[in-house]
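1. Need the 3D shape of this:
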Amino acid sequence: MRTEYCGQLNQSHLGKQVTLCGWVNRYRDLGGLIFIEMRDCTGFVQVLFYPHQKSVFDKAYTLRNEFCIQVVGIVRLRPNSQINKEMTTGLVEVFGHALVIINRSDPLPIDSNQVNNEEARLKYRYLDLRNTEMKRRLQTRATITKLIRHFMDRHCFLEIETPMLTKATSEGARDYLVPSRMHTGKFYALPQSPQLFKQLLMISGFDRYYQITKCFRDEDLRADRQPEFTQIDVEMSFIFAVQVRKLMEELTRMLWLEVIGIDLGKFPVISFAEAKRRYGSDKPDLRNPLELIDIADIVKNFNFHAFSVAANDINGRVAVICVPGGAHLTRKSINEYRFFVNIYGAKELSWIKVHQRSSGLSDVQGPIVKFFNTEELESTLTRTNAKSGDILFFLADNIKIVTNALGALRLKLGSDLALTKLDSWAPLWVVDFPMFIENSDGALTAMHHPFTAPRDITIEELVSMPTNAIANAYDMVINGYEIGSGSVRIHDYDMQKTIFKILGMNAREQDEIFGFLLEAMKYGTPPHAGMAFGLDRLVMLLTGTNNIRDVIAFPKTTAAVCLMTDAPNSSNPKVLQELAISISQKYHA
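-> Sure thing, here's the model as predicted:
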């Protein structure tokens, strides 16, 4: 139906007849002339119609935005006064002498050339995707997946598909269940990840596997999370953690260089404990220069009860953030930060303004200054590297509250005061995670997943002190986003059963849920390790948006609803009957 694409016309086409297909992006009737900006998947070109070709001109007069059309015309240079440097085709235009209106368009419920609210964008997603920026993001996504496949092929990885209908296993989030018509009362689960299958592929001897695949988790959503998401899944045999990190870092650096021309450089490596201590997060945004600084040893004998109690409690923490130039903050702004940390359970955010660094107690201001002696103040200012014009924010409470509250405050201050370098990139590896975390009821759960190998510990030591165990795991973080996570896997049958037991699974439950994995581990399981990237988050970062829905063609809302198709919806009672499913009134919508 066409001989050329709109966005590819240039001076090499001058004088040639072309046939174009696409949409009316803009329409202008100047009386004696009709101009349209015509759009297809490659871009835009200007088309004009003259009144002396009456039949074509009359048809062009009826055009409106988003009509789907075919145009036949001659390419010619634009007059110098009409050259459009903002368009790739701005030097040329098409003199239309034939026009076919393939399909008319009703007035649009959204305008893809303007800003629309997200609800409307998701309801009319097929119109929202006509927006140039949305097209660019999805084109970039396709480029990224192509680059990944080329990289994996060069490094001898084999792409292998794993099942979508599988068995429900405990991997951290709730499963999406699929009822079986053939097996009454039984269910498949959609995979939260291909974790167990890729380990089985290593047992099968495939050595290097990867897959770009859909995963499903029934969990609460946010801007960078979806119920169905795409994972770049990688597994290797006979390899150490440091080798996995090196290869995955090489992949990531290649993507940044090829897609946006940025060399990320070598990724620093910090431990989980250091990340939490210095930044209040296990996925710190290192573009932000602020850090959490401990001063419990300085204020152990402090004449302020809240500080001294926390400083002398083994489960307590006293920490401070020094904000460069923050002494200009008003009392109103400071109070907003005090209310902000309350969200994280913190009782009171204290502060000191340092007007002159060298003047001692006489030139600092704040409600807790009166509790400091000269030595305590000088030690605090020295440790925090405070300078004239800075403000210090203090928090004293249990470790978790102080860490979480100041970690969140650090990010807010970085944003509010423009301290975070938004035009930069800050990748890192976070390693040495705890093997287990303790629930409020005292039960242990796996920090990553129950197939992660502990590092440098025997089974006997693990059983006696499980909370001391460190996981042989690693997360890749860029600009405060965890974009990938991996670990060395357990390849020893007895160690895997021990981990399951520590997590509260008896022998019957182990066999019922993970019997196939345990059985496979009896037959010469090789050491193996791997990693999984969130493709959606990668694309989100590389296209400069902060919303994962911007890089998915047809995403769900934060309530896991598709506004366009109205999914999920009620099912036909006859279908439910065939599946032996009944809906209780309690949950019936």
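
2. Just the residues contacting the lengthiest helix in the chain, thanks.
-> Longest helix in the chain by number of residues (criterion: DSSP state H): helix 132-154. For helix 132-154, the external contacting residues (C-beta atoms under 8 Å, 6 or more residues apart in numbering) are 41, 112, 128-129, 159, 210, 212, 232, 234, 251, 254-255, 258-259, 535, 538-539, 542-543, 545, 550-551, 553. (Each C-beta comes from the backbone N, C-alpha and C, glycine too.)

3. any idea which helix or strand comes after it?
-> strand 158-159 (DSSP states H and E).

4. Just checking the distance from that next one to the centre of its chain.
-> The chain centroid and the centroid of strand 158-159 are separated by 25 Å under C-alpha atoms, centre = their mean, to the nearest Å.

5. Parallel or antiparallel, list what pairs with that strand.
-> Note on strand 158-159: by DSSP bridges, its sheet partners are strand 208-216 (parallel).

6. low pLDDT regions in the stretch 301-450 of the chain?
-> 360 (pLDDT under 70).

7. Sketch out the helices for it, chain order is fine.
-> For the stretch 301-450 of the chain, the helices defined by DSSP state H, counting those that start in this stretch cover 305-311, 331-342, 374-384, 399-416.

8. What would the helix or strand of the chain with the lowest mean pLDDT look like as PDB? C-alpha coordinates only.
-> Ranking every helix and strand in the chain by mean pLDDT, DSSP states H and E puts helix 573-578 at the bottom, with a mean of 88. The C-alpha trace of helix 573-578 is given here as PDB (Å, rounded to 0.1, in the frame of the first residue of the first chain):
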ATOM      1  CA  PRO A 573     -21.200 -19.800  35.700                       C
ATOM      2  CA  LYS A 574     -21.100 -22.700  33.300                       C
ATOM      3  CA  VAL A 575     -17.300 -22.400  33.000                       C
ATOM      4  CA  LEU A 576     -17.000 -22.300  36.800                       C
ATOM      5  CA  GLN A 577     -19.200 -25.400  37.100                       C
ATOM      6  CA  GLU A 578     -16.900 -27.200  34.600                       C
END
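
9. rewinding a little: may I see the buried residues of the longest helix of the chain?
-> Within helix 132-154, the residues scored as buried using 16 or more other C-beta atoms under 10 Å are 134-135, 137-138, 140-141, 144-145, 147-148, 151-152.

10. what's the answer for stretch 530-547, then?
-> Neighbour count says stretch 530-547 has 530-543, 545 buried, by 16+ other C-beta under 10 Å.

11. Could you identify the most distant pair in these?
-> The most widely separated members of these, counting by C-beta to C-beta, are G530 and T545 (28.1 Å).

12. Mean neighbour count and distance to I583 added to the helices of the stretch 301-450 of the chain, as CSV?
-> Putting the helices of the stretch 301-450 of the chain into CSV (neighbours: other C-beta atoms under 10 Å; distance: least, C-beta to C-beta, whole Å) gives the following:
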stretch, mean neighbour count, distance to I583
helix 305-311, 19, 51
helix 331-342, 14, 41
helix 374-384, 16, 59
helix 399-416, 20, 40
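
13. could you dump those to a markdown table with distance to K266?
-> Listed next are the helices of the stretch 301-450 of the chain as a markdown table, based on distance: least, C-beta to C-beta, whole Å:
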| stretch | distance to K266 |
| --- | --- |
| helix 305-311 | 38 |
| helix 331-342 | 35 |
| helix 374-384 | 29 |
| helix 399-416 | 24 |
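
14. how about these, which one is nearest G32?
-> Nearest to G32, of those and by C-beta to C-beta, is helix 399-416 at 53.2 Å.
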